[in-house]
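>>> Just need the structure, nothing else, for what follows:
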Amino acid sequence: MAKATGRKIANSGTVVPPPSCIAHVWSWFLGLLPLYAAGPLPRPAWIAADIEARFGLRPTGFEVGVLLDLFGLWWRQRAGNAEQG
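All right, here's what the predicted structure looks like:
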């Protein structure tokens with residue numbers, strides 16, 4: 001962003017919540033993280049079944065894809081922290 005605008009972006013240190021239209025997916029991610037945190041990457045059908053069982057909702061393919069991306073980012077971040085620490 002700073003490169004595109006030419007202005008330095010201040011690091012406020014505050015966490016910005018996700019947009020309300022996707023907040024439920026973040027909630028699902030946090031709810032499912034204890035199940036999938038250790039890996040391996042879950043199959044989309046497993047995620048969908050777990051969401052339906054735990055939250056009583058059937059996720060869309062887009063929502064499952066976002067969750068797969070979030071789990072992938074979680075594991076990459078964890079792996080990077082393990083290498084540094």
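
>>> What residues sit buried inside the top helix by length along the chain?
In the chain, taking DSSP state H as the definition, the longest helix is helix 61-84. In terms of neighbour count (16 or more other Cβ atoms under 10 Å), helix 61-84 has its buried residues at 63, 64, 66, 67, 68, 70, 71, 75. (Glycine included, C-beta is placed from N, CA and C.)

>>> again with stretch 52-60
residue 59.

>>> Rebuild the buried residues of helix 61-84 as JSON lines, extending it with pLDDT.
Output for the buried residues of helix 61-84, formatted as JSON lines (pLDDT from 0 to 100):
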{"residue": "63", "pLDDT": "97"}
{"residue": "64", "pLDDT": "97"}
{"residue": "66", "pLDDT": "95"}
{"residue": "67", "pLDDT": "95"}
{"residue": "68", "pLDDT": "93"}
{"residue": "70", "pLDDT": "93"}
{"residue": "71", "pLDDT": "92"}
{"residue": "75", "pLDDT": "86"}
